[in-house]
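*Asks:* mind folding the following:
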Amino acid sequence: MENNDRIKKLVLGILVLCVGMVFLAGCGSVQEKDSAETEETASAGKEEHKIQIGLTVDSFVIERWIRDRDVFVATARELGADVNVQDAGADAEEQISQIEYFISKQVDVIVVIARDCGVLSDVVQKAQNAGIPVISYDRMINNANTDFYISFDNRKVGEIMAQALIDAIPQGGDIFMIQGSSSDNNVKMLKEGFDDTLEDTNLNVVYEANCDGWTAELAVGYVEEALEKYPHVKGIMCGNDDIASQVVQVLAENQLAGNVVVIGQDGDLAACQRIVEGTQYMTAFKSIEDLAREAAKYAVEIGSGREASELEGVTEKVNDGTYDIPSKVLDPIAVTRENIDEVIIDGGFHRRDEVYLNAEYN
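*Replies:* This is a model prediction of the structure:
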């Protein structure tokens, strides 16, 4: 009887020991599972992180910036990035505040279409001190050492503008220059190309003015003043197509529209309409879609931590007044009545019925 009791106790002890071992093994399994799930969750969190891009735009009053924004945002989203777009409303102080907002949001990269290229260097430095790279889009931010610059060859824009006037006015004569903002580095580069191309020709620049802040309405007063002094003007170079619209309006009021050669840049719809109507001779067209797509791709890569100078296609540098900035520069195209169908319409930039709204098709 005593032996039976001992055997029962022994068996019971073995059972308790086995149950304990199974329990401990189960706990270890749960711990391993929890650990695996934690690692998997962390890994998924890393994979789900989207590059955050802050984009601040001078103003959407100018038609082309709307196109830039739409293509830029769409491309960035295709690449898995999010874009926070801010409209500076043509206010440099507001743009500074927007960049500071992006810094506080700890975005991965800031893209700036500058309102005033000369006042942003301090806030750019602030962003870079916070570890956020900054890209100058279309307009170089002066003396700021931004991480990247992407634009068109603005010197070449000036060259093709001057050549258009040379071709259209072979007899020579007086011309006006109604330029963009004096604080915009692009305007300076454009002027260099324009002046150098006109050198040793029979075209004479007799009047120059700048529409500071790219305020196109200022062109009205400038052209009226210039016409009083030089009523026999042959051509007018306009800083962009928005300025050209104001210039053509003044010419029309003086019965001169179509008799004075007007050139601009950007390929705005209204400018293309004027070209086929005969009141504007040329627009220096820049493929905004190409620029915006390229800029978005570079922004995503730079926001991912890559150095601009290491990226494919970044083969040159442009000076911002103090520093040489890694840059991507695209070429402009001179668009006149002769090639507007091929470049603008066939290229999908504007529809034929829009361009020829007030004129007959070719």
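*Asks:* who's in contact with E208?
*Replies:* For E208, the set of contacting residues under the criterion of CB atoms under 8 Å, 6 or more residues apart in numbering consists of 176-177, 179. Just so you know, the C-beta spots here come from the backbone N, C-alpha and C atoms, and that holds for glycine as well.
*Asks:* skipping adjacent residues, who's closest to V71 in space?
*Replies:* Distance criterion CB to CB, 6 or more residues apart in numbering; nearest residue to V71, sequence neighbours excluded, is A292 at 3.7 Å.
*Asks:* and the contacts of E208, which of them are buried?
*Replies:* Among the contacts of E208, those buried by neighbour count (16 or more other CB atoms under 10 Å) are 176-177, 179.
*Asks:* mind telling me what element the residue nearest to V71 is part of?
*Replies:* A292 is part of helix 288-303, with elements assigned from DSSP states H and E.
*Asks:* mind listing residues that contact that helix?
*Replies:* For helix 288-303, the external contacting residues (CB under 8 Å, 6+ apart) are 51-53, 64, 67-73, 75-76, 79-81, 107-109, 111, 133, 135, 137-138, 147-148, 150-152, 266-267, 308, 311, 313-314, 328, 330, 349.
*Asks:* which residue ranges of the protein form strands?
*Replies:* In the chain, the segments counted as strands under DSSP state E are 52-57, 82-87, 109-113, 134-137, 148-152, 173-179, 203-210, 235-238, 261-265, 282-285, 316-319, 324-330, 333-335.
*Asks:* can you add mean pLDDT and distance to Q98 and give these back as CSV?
*Replies:* As requested, the strands of the chain are exported to CSV (pLDDT from 0 to 100; distance: least, CB to CB, whole Å):
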stretch, mean pLDDT, distance to Q98
strand 52-57, 98, 4
strand 82-87, 97, 4
strand 109-113, 98, 9
strand 134-137, 98, 12
strand 148-152, 96, 19
strand 173-179, 98, 27
strand 203-210, 98, 25
strand 235-238, 98, 29
strand 261-265, 98, 26
strand 282-285, 97, 29
strand 316-319, 93, 24
strand 324-330, 95, 21
strand 333-335, 97, 32
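*Asks:* want to throw these into TSV with distance to R274?
*Replies:* Rendered in TSV, the data for those read as follows (distance: least, CB to CB, whole Å):
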stretch	distance to R274
strand 52-57	25
strand 82-87	27
strand 109-113	25
strand 134-137	27
strand 148-152	21
strand 173-179	15
strand 203-210	21
strand 235-238	11
strand 261-265	8
strand 282-285	9
strand 316-319	32
strand 324-330	24
strand 333-335	12
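*Asks:* for these, which one sits closest to D341?
*Replies:* The minimum distance between D341 and the strands of the chain falls on strand 333-335, with 10.0 Å, by CB to CB.
*Asks:* now do the closest one: which elements does it pack against?
*Replies:* When contacts are defined as 3 or more CB pairs under 8 Å, 6 or more residues apart in numbering; DSSP states H and E, strand 333-335 packs onto helix 154-168, strand 282-285.
*Asks:* any chance of those in a markdown table, with distance to V57 too?
*Replies:* Converted to a markdown table, the helices and strands packed on strand 333-335 look like this (distance: least, CB to CB, whole Å):
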| stretch | distance to V57 |
| --- | --- |
| helix 154-168 | 19 |
| strand 282-285 | 21 |
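*Asks:* nearest to D122, out of these?
*Replies:* Taking CB to CB as the criterion, D122 comes closest to helix 154-168 out of the helices and strands packed on strand 333-335, the separation being 24.5 Å.
*Asks:* which strands and helices lie in contact with the closest one?
*Replies:* The contact analysis (3+ CB pairs under 8 Å, 6+ apart) places helix 154-168 against helix 185-198, strand 203-210, strand 235-238, strand 261-265, strand 282-285, strand 333-335.
*Asks:* where does this protein dip in pLDDT?
*Replies:* 1-48, 360-362 (pLDDT under 70).
*Asks:* dump the residue contacts of the most centrally placed residue in it.
*Replies:* Ranked by distance to the mean C-alpha position of the chain (CA atoms, centre = their mean), the top residue is Y137 at 4.0 Å. Y137 makes contacts with 55, 68, 111-113, 150-151, 295, as judged by CB under 8 Å, 6+ apart.
*Asks:* buried ones among the contacts of helix 288-303?
*Replies:* Buried residues within those, defined by neighbour count using 16+ other CB under 10 Å: 51-53, 64, 67-69, 71-73, 75-76, 79, 81, 107-109, 111, 133, 135, 137-138, 147-148, 150-152, 266-267, 308, 311, 314, 328, 349.
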